[in-house]
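# return a 3D structure for these sequence lines:
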Amino acid sequence: MKTIELLAKDLNSHGGVFCPSPLADMQLWNTHPKVFLDLSHEGHAKCPYCSTEYRLKDGEHIASH
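Presented below is the predicted three-dimensional model:
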């Protein structure tokens, strides 16, 4: 399992990211359908396809909507 640490600025306006992501350095041959992962509640989320975990770096906070 790969873990990607993110800064708050890496998240979109809804507090999430899409996987596969360029931040995960995935190659074209091993990608899967694009899925939205919401980090706004827990500060982390795991992709249901590839099990890559995306999490906020320590000390990072998501701005209120």
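
# strands along this structure, start to end?
Ranges of strands in the chain, per DSSP state E, are 3-6, 16-19, 35-38, 44-46, 53-56.

# what residues sit buried inside the shortest one?
Buried positions in strand 44-46, judged by neighbour count with 16 or more other Cβ atoms under 10 Å: A45. The C-beta positions use only the backbone N, C-alpha and C, and glycine is treated the same way.

# please apply the same query to stretch 18-26.
Residues 19-21, 24, 26 are the ones in stretch 18-26 that count as buried (16+ other Cβ under 10 Å).

# over to stretch 47-56?
Within stretch 47-56, the residues scored as buried using 16+ other Cβ under 10 Å are 47, 50, 52-56.

# outside of it itself, list whatever touches it.
If you take Cβ atoms under 8 Å, 6 or more residues apart in numbering as the criterion, stretch 47-56 is touched by 1-8, 17, 19-21, 23-24, 26, 30, 32-33, 35, 37, 39, 43-46, 62.

# and if you look at stretch 13-24?
Outside stretch 13-24, the residues that touch it by Cβ under 8 Å, 6+ apart are 2, 4, 6, 10-12, 26, 31-32, 34-40, 45, 47, 49-50, 52, 54, 62, 65.

# could you redo the last one with a cut-off of 7 Å?
Contact partners of stretch 13-24, identified using Cβ atoms under 7 Å, 6 or more residues apart in numbering, comprise 2, 4, 6, 10-11, 26, 31-32, 34-40, 47, 50, 52, 54, 62.

# end to end, how far does that stretch reach?
For stretch 13-24, the first-to-last residue distance is 19 Å (Cα to Cα, to the nearest Å).

# save the strands of the chain as CSV, and put in mean pLDDT too.
Below are those laid out as CSV (pLDDT from 0 to 100):
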stretch, mean pLDDT
strand 3-6, 95
strand 16-19, 94
strand 35-38, 96
strand 44-46, 97
strand 53-56, 96
